[in-house]
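**Q** Quick one: sequence and predicted model below, then my questions.
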Amino acid sequence: TDPALIRNFCIIAHIDHGKSTLADRMLQLTGVVEQRQMRAQYLDRMDIERERGITIKSQAVRMPWEHDGTAHVLNMIDTPGHVDFTYEVSRSLAACEGCVLLVDAAQGIEAQTLANLYLAMENDLTIIPVLNKIDLPAAQPEKFAAELAHLIGCDPGDVLRVSAKTGEGVETLLDEVVRQVPAPVGVADAPARAMIFDSVYDAYRGVVTYVKVVDGRLGKRERIQMMSTGATHELLEIGVNSPEMTPADGLAVGEVGYLITGVKDVRQSKVGDTVTQQRNGATEPLGGYKDPKPMVFSGLYPIDGSEYPALRDALEKLQLNDAALVYEPETSAALGFGFRVGFLGLLHLEVIRERLEREFGLDLIATAPNVVYQVTMEDRSEHTVTNPSEFPTGKIDEVREPVVRATLIAPSEFIGAIMELCQTRRGSMQGMDYLSEDRVELRYTLPLAEIVFDFFDALKSKTRGYASLDYEPVGEEAAALVKVDILLHGDKVDAFSAIVHKDKAYAYGVKMAAKLRELIPRQQFEVPIQAAIGSRVIARETVRAIRKDVLSKCYGGDISRKRKLLEKQKEGKKRMKMVGRVEVPQEAFIAALSSD
Ligand code: GTP
């Protein structure tokens with residue numbers, strides 16, 4: 001196809017503003033998916049995505065569209081909507097020349113709208129502002145068109161209005177995409193350079209890699225090279241999605257499509273990498289490649305220790321489709337054999353955990369998630385800590401933690417509540433802007449550790465659900481952090497060690513000790529529970545000893561009753577873990593590790 005007739009665009013929106021519904025409507029209007037084949041959210045394929053209504057993996061669809069009597073090709077690139085996947089979003093955007101900025105006409109701009117808009121602006125995309133859901137009685141198109149126009153600096157009259165549900169305005173929108181989005185430009189006779197913006201594992205075909213060709217041409221059965229690693233592969237198939245995979249002879253400048261090379265692991269086909277030919281290939285990769293960097297770690301342990309090999313196999317399988325997932329074996333005195341697993345963020349963690357439990361039938365204990373700390377010792381040696389129990393002892397010079405730039409949007413009546421929350425989470429305010437008379441955007445720098453747990457829930461409850469949040473990592477900062485250990489009968493329970501700010505260490509210790517006192521059954525002897533920083537105890541509770549022997553209940557004679565009781569006790573013991581001399585029921589770990 002002549003690049004002049006191609007338009008590459010994506011839809012960016014806050015969650016639930018109707019991106020998938022609009023994409024579905026476009027597929028229908030362009031005839032790519034027939035009415036009777038149409039199922040809701042055609043593009044969201046993964047089960048969990050469908051259930052949770054979130055888009056995790058992006059994909060691209062090619063749609064024909066006639067404008068002013070000329071046939072055009074529209075490539076719609078779907079972007080994941082959640083903060084954890086910012087890097088994937090930014091690569092999808094980099095494959096486009098324009099985007100549809102979709103805003104719910106009953107809700108207005110939200111934090112993800114802004115975060116995605118900023119990414120789009122960084123990628124120099126043409127932005128088409130669109131209000132969706134104008135069919136809703138609660139829609140306020142005038143108000144929110146003004147808000148959007150103010151934000152991107154256009155005339156309120158230029159904000160398009162559609163209903164993805166009824167289809168109203170969607171044809172006009174497709175025409176505007178052709179009119180406003182620039183055609184891709186590239187050098188046709190240069191060595192090929194194609195950017196990978198997605199890479200998906202398919203059980204039958206291996207890895208399917210989605211690319212946009214920037215320069216040159218990739219043809220079928222060519223040998224290609226991944227520029228970040230130098231690895232070469234044969235192109236077994238090249239083609240476009242329309243909406244199912246359709247093989248082609250090649251992809252040229254501006255075209256978007258897929259490659260299949262037979263590799264079995266997405267880490268060999270990394271998002272952001274540049275693909276070129278092996279022979280006379282390009283020498284300069286396209287910019288922007290970054291290795292995915294796990295931000296949050298958690299220990300995953302099978303509740304039944306014999307499921308350890310099954311857990312390892314399951315992680316291996318999931319990794320085929322998830323270059324950002326990293327793990328390594330770990331042993332815990334309290335929990336046995338398991339893995340320390342790295343995730344992009346909390347949603348990523350939840351999704352993986354849910355898949356392990358649901359698709360692989362595993363019962364797991366997950367330790368409280370933690371971020372990655374960089375520790376510099378006084379002797380200048382450096383440690384990267386992904387597991388709090390491995391926090392170095394000795395003379396520490398400095399501890400650094402990851403920080404994020406957060407964008408919060410809410411009705412202005414909640415400014416006080418939000419500022420208070422961010423304050424208690426060690427945030428520092430960077431700025432505040434009114435989006436309209438009664439809605440405001442606040443910008444904060446916050447330690448990632450303070451928002452990965454329950455920040456979002458706290459925010460929602462303080463703002464009656466009206467606030468939205470988005471954030472992106474912006475590096476690390478030094479902070480006064482200490483390790484708090486929990487000891488049972490004098491023995492450290494590694495699974496409960498945590499790294500917390502020194503001002504919060506005491507509260508953490510008191511809370512954990514109290515929680516454990518509730519959860520640990522009485523033993524034959526007294527069990528002290530202590531929280532300590534180094535050798536300094538900061539909180540203490542005691543589980544008192546049992547007074548009577550259980551068997552004393554069976555007055556002498558009845559031997560069969562006695563045996564039954566002993567059997568029963570043995571049953572119970574199986575689900576106990578020994579921590580030093582103390583028996584701790586499995587449930588106690590699960591309950592203690594759950595965030596309230
Ligand atoms: P994610 O993919 O999860 O980010 O969400 P999304 O932006 O794709 O939202 P989705 O398309 O799933 O729509 C969210 C909800 O809004 C669904 O219940 C849709 O049926 C509804 N919806 C979408 N567009 C319209 C519209 O134009 N009018 C009305 N009334 N409802 C709509």
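**A** Perfect, thanks for sending it.

**Q** Give me the buried positions along the longest helix along the chain.
**A** Determined from DSSP state H, the single longest helix within the chain is helix 502-519. For helix 502-519, a neighbour-count test (16 or more other Cβ atoms under 10 Å) marks Lys504, Ala505, Tyr508, Gly509, Met512, Ala513, Lys515, Leu516, Arg517, Leu519 as buried. Backbone N, C-alpha and C define where each C-beta goes, glycine included.

**Q** Dump those to a markdown table, plus distance to the ligand.
**A** Shown next, in a markdown table, are the buried residues of helix 502-519 (distance: Cβ to the nearest ligand atom, whole Å):
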| residue | distance to the ligand |
| --- | --- |
| Lys504 | 34 |
| Ala505 | 38 |
| Tyr508 | 34 |
| Gly509 | 39 |
| Met512 | 36 |
| Ala513 | 41 |
| Lys515 | 35 |
| Leu516 | 39 |
| Arg517 | 42 |
| Leu519 | 37 |
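
**Q** ok, back up a step: tell me the helix or strand right after the longest helix of the chain.
**A** Per DSSP states H and E, the first helix or strand lying C-terminal to helix 502-519 is strand 527-533.

**Q** which other helices and strands contact that next one?
**A** Judged by 3 or more Cβ pairs under 8 Å, 6 or more residues apart in numbering; DSSP states H and E, strand 527-533 is in contact with strand 481-488, helix 502-519, strand 536-543.

**Q** Would you convert those into a markdown table that also reports mean pLDDT?
**A** Listed next are the helices and strands packed on strand 527-533 as a markdown table, based on pLDDT from 0 to 100:
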| stretch | mean pLDDT |
| --- | --- |
| strand 481-488 | 92 |
| helix 502-519 | 90 |
| strand 536-543 | 91 |
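
**Q** Quick one: the ones you listed as CSV, columns for distance to Ala282 too.
**A** Below are the helices and strands packed on strand 527-533 laid out as CSV (distance: least, Cβ to Cβ, whole Å):
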stretch, distance to Ala282
strand 481-488, 45
helix 502-519, 51
strand 536-543, 59
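
**Q** Which of those sits closest to Glu168?
**A** Glu168 sits nearest to helix 502-519 of all the helices and strands packed on strand 527-533, at 52.0 Å, using Cβ to Cβ.

**Q** now that closest one against strand 481-488, angle please.
**A** 20 degrees (axes from the mean of the first three to the mean of the last three Cα atoms, to 10 degrees).

**Q** Can you find the helix or strand in the chain with the smallest mean pLDDT?
**A** Ranked by mean pLDDT, DSSP states H and E, the helix or strand of the chain with the weakest confidence is helix 47-52, at a mean of 48.

**Q** Beyond it, next helix or strand please.
**A** Heading C-terminal from helix 47-52 (DSSP H and E), you reach strand 60-67.

**Q** Need the mean per-residue confidence for that next one.
**A** Average pLDDT, strand 60-67: 92.

**Q** now for it, which elements pack on it?
**A** Using 3+ Cβ pairs under 8 Å, 6+ apart: strand 60-67 touches helix 19-29, strand 70-77, helix 170-180, strand 237-241, strand 256-260.

**Q** okay, these in CSV with distance to Gly305 next?
**A** As requested, the helices and strands packed on strand 60-67 are exported to CSV (distance: least, Cβ to Cβ, whole Å):
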stretch, distance to Gly305
helix 19-29, 41
strand 70-77, 45
helix 170-180, 55
strand 237-241, 44
strand 256-260, 40
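
**Q** deepest of the ones you listed, which one?
**A** strand 256-260 (a mean of 25; mean count of other Cβ atoms under 10 Å).

**Q** does the nearest residue to Phe589 once chain neighbours are set aside sit in a helix, a strand or a coil?
**A** Closest residue to Phe589 apart from its sequence neighbours, by Cβ to Cβ, 6 or more residues apart in numbering: Ile365 at 5.8 Å. Classification of Ile365 using DSSP: H, G, I helix; E, B strand; the rest coil returns strand.

**Q** which residues does Ile365 contact?
**A** Residues in contact with Ile365 (Cβ atoms under 8 Å, 6 or more residues apart in numbering) are Leu300, Tyr301, Pro302, Ile303, Leu335, Gly338, Gln586, Phe589, Ile590, Leu593.

**Q** Return the residues in contact with the last one.
**A** Just to be clear, that refers to Leu593. Ile365, Ala366, Thr367, Ala368, Ala495, Phe496.

**Q** what's the farthest-apart pair in the residues you listed?
**A** Maximum distance among those (Cβ to Cβ): 13.1 Å, for Ala366 and Phe496.

**Q** ok so, going back, of all the helices and strands packed on strand 527-533, which lies closest to Pro141?
**A** helix 502-519 (45.7 Å).

**Q** between the closest one and strand 536-543, what angle do the directions make?
**A** 20 degrees.

**Q** What is helix 502-519 packed up against?
**A** strand 481-488, strand 498-501, strand 527-533, strand 536-543, helix 586-593.

**Q** can you do 7 Å?
**A** If you count contacts as 3 or more Cβ pairs under 7 Å, 6 or more residues apart in numbering; DSSP states H and E, helix 502-519 packs onto strand 481-488, strand 527-533, strand 536-543, helix 586-593.

**Q** Name the stretch among those that sits most buried.
**A** strand 481-488 (a mean of 22).

**Q** out of the helices and strands packed on helix 502-519, nearest to the ligand?
**A** For these, distance to the ligand was read as Cβ to the nearest ligand atom. The smallest value, 28.8 Å, belongs to helix 586-593.

**Q** Please find the angle between the direction vectors of the closest one and strand 481-488.
**A** Using the same axes, to 10 degrees: helix 586-593 against strand 481-488 is 160 degrees.

**Q** tell me the mean pLDDT for helix 586-593?
**A** Helix 586-593 comes out at a mean pLDDT of 73.

**Q** do stretch 296-307 as well
**A** 90.

**Q** Put the alpha carbons of stretch 302-315 into CSV.
**A** What follows is stretch 302-315, C-alpha atoms only, in CSV (Å, rounded to 0.1, in the frame of the first residue of the first chain):
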residue,chain,number,x,y,z
PRO,A,302,2.6,-23.3,47.2
ILE,A,303,0.4,-24.0,50.3
ASP,A,304,1.1,-27.6,49.6
GLY,A,305,4.8,-28.0,49.4
SER,A,306,4.6,-30.8,46.9
GLU,A,307,3.2,-28.4,44.4
TYR,A,308,6.5,-26.6,44.1
PRO,A,309,7.5,-28.3,40.7
ALA,A,310,4.0,-27.4,39.4
LEU,A,311,4.5,-23.8,40.4
ARG,A,312,7.8,-23.7,38.6
ASP,A,313,6.3,-25.1,35.4
ALA,A,314,3.4,-22.7,35.5
LEU,A,315,5.7,-19.7,35.9
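
**Q** Tell me the buried residues in it?
**A** Pro302, Ile303, Glu307, Tyr308, Leu311, Arg312, Ala314, Leu315.

**Q** do stretch 1-8 as well
**A** For stretch 1-8, by 16+ other Cβ under 10 Å, it's Pro3, Leu5, Ile6, Arg7, Asn8.

**Q** Tell me which of those residues fall in strands.
**A** Ile6, Arg7, Asn8 (DSSP state E).

**Q** Now do the helices in the chain.
**A** 19-29, 47-52, 86-94, 111-122, 141-152, 170-180, 308-320, 346-359, 415-424, 448-451, 455-462, 502-519, 559-574, 586-593.

**Q** Tell me which of those helices sits nearest to Thr276.
**A** For these, the distance to Thr276 is smallest for helix 86-94, at 16.9 Å, taking Cβ to Cβ.

**Q** Just list what that closest one packs against, helices and strands only.
**A** Short answer (3+ Cβ pairs under 7 Å, 6+ apart): helix 86-94 packs on helix 111-122, strand 193-202.
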